[in-house]
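Student: here's a sequence, model it:
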Amino acid sequence: MDALNRDSRTSVHFMVSYVLAGGLTVEQSRAVDFQKALLDHGLEFTQTNIRPKSFMLLRQEPSNLQIKLDSAAPQVRSIQIVASNPSCDLDMFGRDAMAATDAYRQVWPAEQHQIIRSTARIHHLYSSQEHAFKYLWETRLRQSPEDFKRLGSRPVAGGGIRLMIPPHAVGDEEPRSIEIRIESFLREQRKLLVETAFVWPRPKVLAKDDNFDTIQRLEALQSYATNEVWNFLT
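Tutor: Residues are numbered from 1 along each chain as shown. Predicted coordinates:
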């Protein structure tokens, strides 16, 4: 039996976000219009939080989902869609995220949308046959547990590694930076948490009728996380 079980992979976090040019002011009427547009696209939310520069919607069923519109800096706005501990798969999250960006374009129309940066993130959990940090430290990194004695007499309960890959492009693909975080899951000693994130830093212009390429970005991230990152893990 393999030390790390590929079939045990569980998705525990999905996120996609866009930073766009242009400030954001959320009037009550515009917030209501956004909720109506989301409902027209099949998304209903039970909690809302409206502030002058931000608007957040939350739901628990049928799967956790959060949508946040924000203007953290002058003439910059963002839309972020997050599912923590989702009960849906990536395909369903991608459709929900597309519905959110479609509703956004409907309520805040423009001749073009200037995307400054795009980000997508996935967290996966894998089951290990032993303590996940022991697997990572001794099996994958080939380090000695005796090294920890230099830190004192207290046991090390967990840890991990973090990799940063600067923006690059392969072939005709859009340049992207990659961040990978691999660490033992403290709540369950035999679980390994793997976070994979893509950032596309090149600005992009969407015409009035163009869709956000949310699903394509999530699929590219999922493919990398379940192939290249898995190969690195094992």
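
Student: which residues touch residue 215?
Tutor: 94-95, 97-98 (C-beta atoms under 8 Å, 6 or more residues apart in numbering). Quick note: C-beta positions are derived from backbone N, CA and C, even for glycine.

Student: take these and keep only those in helices.
Tutor: If you go by DSSP state H, those have 94-95, 97-98 in helices.

Student: output the residues you listed in CSV, with pLDDT and distance to residue 17 appended to each entry.
Tutor: Shown next, in CSV, are the ones in helices among the contacts of residue 215 (pLDDT from 0 to 100; distance: C-beta to C-beta, whole Å):
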residue, pLDDT, distance to residue 17
94, 96, 14
95, 95, 17
97, 96, 10
98, 95, 14
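
Student: okay if I get those residues as JSON lines plus neighbour count and distance to residue 28?
Tutor: Converted to JSON lines, the ones in helices among the contacts of residue 215 look like this (neighbours: other C-beta atoms under 10 Å; distance: C-beta to C-beta, whole Å):
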{"residue": "94", "neighbour count": "22", "distance to residue 28": "30"}
{"residue": "95", "neighbour count": "16", "distance to residue 28": "28"}
{"residue": "97", "neighbour count": "29", "distance to residue 28": "25"}
{"residue": "98", "neighbour count": "19", "distance to residue 28": "26"}
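
Student: give the contact list for residue 166.
Tutor: Residue 166 touches residue 177, counting by C-beta under 8 Å, 6+ apart.

Student: now residue 84: phi and psi?
Tutor: Main-chain dihedrals, residue 84, degrees, to the nearest 10: phi -100, psi 130.

Student: three-state assignment of the residue lying closest to residue 164 once chain neighbours are set aside?
Tutor: Among residues not flanking residue 164 along the chain, residue 179 sits closest, at 5.7 Å (C-beta to C-beta, 6 or more residues apart in numbering). Classification of residue 179 using DSSP: H, G, I helix; E, B strand; the rest coil returns strand.

Student: what's the burial count for residue 179?
Tutor: If you count neighbours by other C-beta atoms under 10 Å, residue 179 ends up with 15.

Student: ok, now how distant is residue 176 from residue 201?
Tutor: Residue 176 is 8 Å from residue 201, where distance means C-beta to C-beta, to the nearest Å.

Student: about what we covered before: farthest pair in the ones in helices among the contacts of residue 215?
Tutor: 95 and 97 (7.3 Å; C-beta to C-beta).

Student: mind checking what secondary structure residue 114 has?
Tutor: Following three-state DSSP, residue 114 is assigned to strand.

Student: show me what the closest residue to it other than its chain neighbours is bridged to.
Tutor: In this structure, residue 114 finds its nearest non-sequential neighbour in residue 21, 3.9 Å apart by C-beta to C-beta, 6+ apart. Residue 21 has these beta-bridge partners by DSSP bridges: residue 76.
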